[in-house]
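Asks: return atomic coordinates for the entry below.
(2 chains)
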There are 2 protein chains.
Amino acid sequence: MDPDAKERLAVVLIESRNPLNIGAAARAMSNFGFFDLRLVRPYEVAFQEAVSAVGASEILKNARVFDDLAGAVADCSLVVGATGLGHRVFEHPLHRLERAGRLLRGHLRSARAAILFGSEKFGLSNTDISRCHWLLHIPTRAEHDSMNLGQAVAVTLYELHRSPAAARRLPGAASLATEAEIERLAGLAEQVLSLCGYSDFEREKSARNKTLRLLHRLRLNSRDAAILSGMLRQILWKLSRPDNG
Amino acid sequence: MDPDAKERLAVVLIESRNPLNIGAAARAMSNFGFFDLRLVRPYEVAFQEAVSAVGASEILKNARVFDDLAGAVADCSLVVGATGLGHRVFEHPLHRLERAGRLLRGHLRSARAAILFGSEKFGLSNTDISRCHWLLHIPTRAEHDSMNLGQAVAVTLYELHRSPAAARRLPGAASLATEAEIERLAGLAEQVLSLCGYSDFEREKSARNKTLRLLHRLRLNSRDAAILSGMLRQILWKLSRPDNG
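Replies: Next up, the predicted model:
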């Protein structure tokens, strides 16, 4: 997600009462690159405590405080409420976070959006929800649906930030040993194993193939191939000393 | 991810010092359906405080404590360390969480795995890392790489738990208004607008199309279509009263 799109997202905490949670929400925002924090009627003591905490982020210091939700989301063309499933049946469309993330990313490409998080104790009120275009829920276990506020913010922003392509990529492929390196290693292994009477590699082609297949299965990186080669060379040196044995 | 596979994952906290973090890790595990919590050399006071906290989960009460990491992961055939990128260059393969999640899910289908989380202050030690098959990192901003422990556990378990298919699904499609409902609504709208002199729907086919297109763009659900129909009928009743105007 590009930084411009991230700037279009406001994280709105409504009536948060715990300074640790406010701080944790700000920290998760900083971790994932979102900077626009807005608080609606925070418990004043909690907010001051959070802002003055050691290591309080710039995000917290720049957070804006609003008397009502309407003011907090006035510049947003999409308002999404984060909610547990609880026992309420909502009239609003309700999307699982995976889907919600996709919808939000699409909107943020060109326009502002807000995600609302309710108070630790009561979540979002019906009045808050009536300001939402739709709701998102984090797919928790039905038996334990209630998430910690700071963790809910972290998980939601991670979903926006995550890259589906990163799951498909095979990282580290660049550092895998080359065929030439594997070949050299196989040659050394052959010499060692021949000297030890493991196989007659000159005559048995299958023994050679077996070694090569094994080395390929190991998916060695170049560094490890070099370490193994060094070990084999040392063994070879020892095996070939006239006083060996 | 099926429950059997989830049972094969151990979450291992090494030298955690903050009871709130231990509690938060256990809570995230419960939210996402993982139950095997193991602690290596936890700060004793913190652990006791976490276990005796109001609402401490069964997970916390059943958590096992180990003197060393070797004992904690003895039954696991894959050990993964969660780490920030920091300034260290690791010799170990390092996977972004998206990819790590895929690899872990694959392993957990048939065998046990552990994810290690280091202490709040120091993360995983080099000795801890030497026990790992590979490392995972949560893709945070380079400028703020250090995550809160409870949030890191929540985000990691969410990645394991999340369903890629859920992002593609269009939930709520079942409750969308049918064409018949849209048609009835359009008919009512025509009557109202005709009575008000907005358009001559009998003669102007384009006016009718315009109304229908608008109603389709709204993507109404059945319930909202019914509410709108009720409103239009009420307006019609008022417009058609002999003493109207």
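Asks: and the strands in chain A, which stretches?
Replies: Applying DSSP state E to chain A gives strands spanning A:9-14, A:36-40, A:64-66, A:78-82, A:94-96, A:113-117, A:134-137.
Asks: select, out of those strands, the one closest to chain B.
Replies: strand A:94-96 (4.6 Å; C-beta to the nearest C-beta). For every residue, glycine as well, the C-beta is placed using N, CA and C.
Asks: mind listing what's buried in the lowest-mean-pLDDT helix or strand in chain A?
Replies: Scoring the helices and strands of chain A by mean pLDDT, DSSP states H and E places helix A:164-168 at the bottom, with a mean of 74. Neighbour counts over helix A:164-168 (16 or more other C-beta atoms under 10 Å in any protein chain shown) mark A:Ala166, A:Ala167 as buried.
Asks: which other residues reach it?
Replies: B:Arg96, B:Glu98, B:Arg99, B:Gly101, B:Arg102, B:Pro139, B:Pro164, B:Ala167 (C-beta atoms under 8 Å, 6 or more residues apart in numbering or on different chains).
Asks: nearest to A:Gly23, of these?
Replies: Comparing the contacts of helix A:164-168 against A:Gly23 with C-beta to C-beta picks out B:Pro139 as the nearest, at 21.9 Å.
Asks: re earlier: what subset of the contacts of helix A:164-168 is buried?
Replies: Counted by 16+ other C-beta under 10 Å, these give B:Arg96, B:Glu98, B:Arg99, B:Gly101, B:Arg102, B:Pro139, B:Ala167 as buried.
Asks: return the residues in contact with the fifth one.
Replies: What that stands for is B:Arg102. By C-beta under 8 Å, 6+ apart, B:Arg102 lies in contact with A:Ala167.
Asks: how near is it to B:Leu20?
Replies: For B:Arg102, the distance to B:Leu20 (C-beta to C-beta, to the nearest Å) stands at 31 Å.
Asks: same deal with the last one?
Replies: Here the distance between B:Ala167 and B:Leu20 works out to 32 Å (C-beta to C-beta).
Asks: same thing with the second one?
Replies: Summarising the geometry, the distance separating B:Glu98 from B:Leu20, computed by C-beta to C-beta, is 28 Å.
Asks: with the first one instead?
Replies: The gap separating B:Arg96 from B:Leu20 is 28 Å, by C-beta to C-beta.
Asks: any idea how far A:Glu202 lies from A:Leu188?
Replies: For A:Glu202 relative to A:Leu188 (C-beta to C-beta), the value is 16 Å.
Asks: so which of the two has more stuff around it?
Replies: Comparing A:Glu202 with A:Leu188 by other C-beta atoms under 10 Å in any protein chain shown, the one with more neighbours is A:Leu188, at 18 against 10.
Asks: domain assignment for chain A?
Replies: Domain segmentation of chain A under automatic domain parsing yields A:3-168, A:173-240.
Asks: so which of these comes closest to B:Ala46?
Replies: Per C-beta to C-beta, nearest to B:Ala46 of the domains of chain A: domain A:3-168, 15.4 Å.
Asks: as CSV, the strands of chain A with distance to chain B would be great.
Replies: Putting those into CSV (distance: least, C-beta to the nearest C-beta, whole Å) gives the following:
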stretch, distance to chain B
strand A:9-14, 14
strand A:36-40, 14
strand A:64-66, 21
strand A:78-82, 13
strand A:94-96, 5
strand A:113-117, 14
strand A:134-137, 9
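Asks: quick one: closest of those to B:Gly106.
Replies: strand A:94-96 (22.7 Å).
Asks: just checking, what packs against the closest one?
Replies: strand A:134-137 (3 or more C-beta pairs under 8 Å, 6 or more residues apart in numbering or on different chains; DSSP states H and E).
Asks: how far does the strand it packs on sit from its chain's centre?
Replies: Between the centre of strand A:134-137 and the centre of its chain there are 21 Å (C-alpha atoms, centre = their mean, to the nearest Å).
Asks: got the phi and psi for A:Tyr198?
Replies: The phi and psi values for A:Tyr198, taken as degrees, to the nearest 10, are phi -70, psi -50.
Asks: hang on, the earlier thing: which of the domains of chain A is buried the deepest?
Replies: domain A:3-168 (a mean of 19; mean count of other C-beta atoms under 10 Å in any protein chain shown).
Asks: centre of the chain to that domain, how far?
Replies: 17 Å.
Asks: repeat that for stretch A:198-218.
Replies: Using C-alpha atoms, centre = their mean, the offset of stretch A:198-218 from its chain centre is 41 Å.
Asks: report the mean per-residue pLDDT for that stretch.
Replies: Averaging pLDDT along stretch A:198-218 gives 76.
Asks: name the residues that touch that stretch?
Replies: Contacts for stretch A:198-218 (C-beta under 8 Å, 6+ apart): A:Ile182, A:Leu185, A:Ala186, A:Ala189, A:Glu190, A:Leu193, A:Ser194.
Asks: again with stretch A:143-157
Replies: So stretch A:143-157 is contacted by A:11, A:13, A:16, A:18, A:20-21, A:23-25, A:27-29, A:31-32, A:34, A:82, A:84-86, A:97, A:115, A:117, A:120, A:136, A:138, A:140, B:24, B:27-28, B:30-31, B:147-148, B:150-151, B:154-155, B:158 (C-beta under 8 Å, 6+ apart).
Asks: for it, give the mean pLDDT please.
Replies: For stretch A:143-157, the per-residue pLDDT averages 93.
Asks: could you find the lowest-pLDDT member of the contacts of helix A:164-168?
Replies: B:Ala167 (73).
Asks: skipping adjacent residues, who's closest to that residue in space?
Replies: Distances taken as C-beta to C-beta, 6 or more residues apart in numbering or on different chains place A:Glu98 nearest to B:Ala167, at 3.9 Å, with adjacent residues excluded.
Asks: on that earlier part again, mean pLDDT lowest for which of the domains of chain A?
Replies: domain A:173-240 (a mean of 79).
Asks: could I get the strands of chain A as JSON lines with distance to A:Ala53?
Replies: Converted to JSON lines, the strands of chain A look like this (distance: least, C-beta to C-beta, whole Å):
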{"stretch": "strand A:9-14", "distance to A:Ala53": "16"}
{"stretch": "strand A:36-40", "distance to A:Ala53": "14"}
{"stretch": "strand A:64-66", "distance to A:Ala53": "17"}
{"stretch": "strand A:78-82", "distance to A:Ala53": "24"}
{"stretch": "strand A:94-96", "distance to A:Ala53": "33"}
{"stretch": "strand A:113-117", "distance to A:Ala53": "19"}
{"stretch": "strand A:134-137", "distance to A:Ala53": "28"}
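Asks: that'll do, ta.
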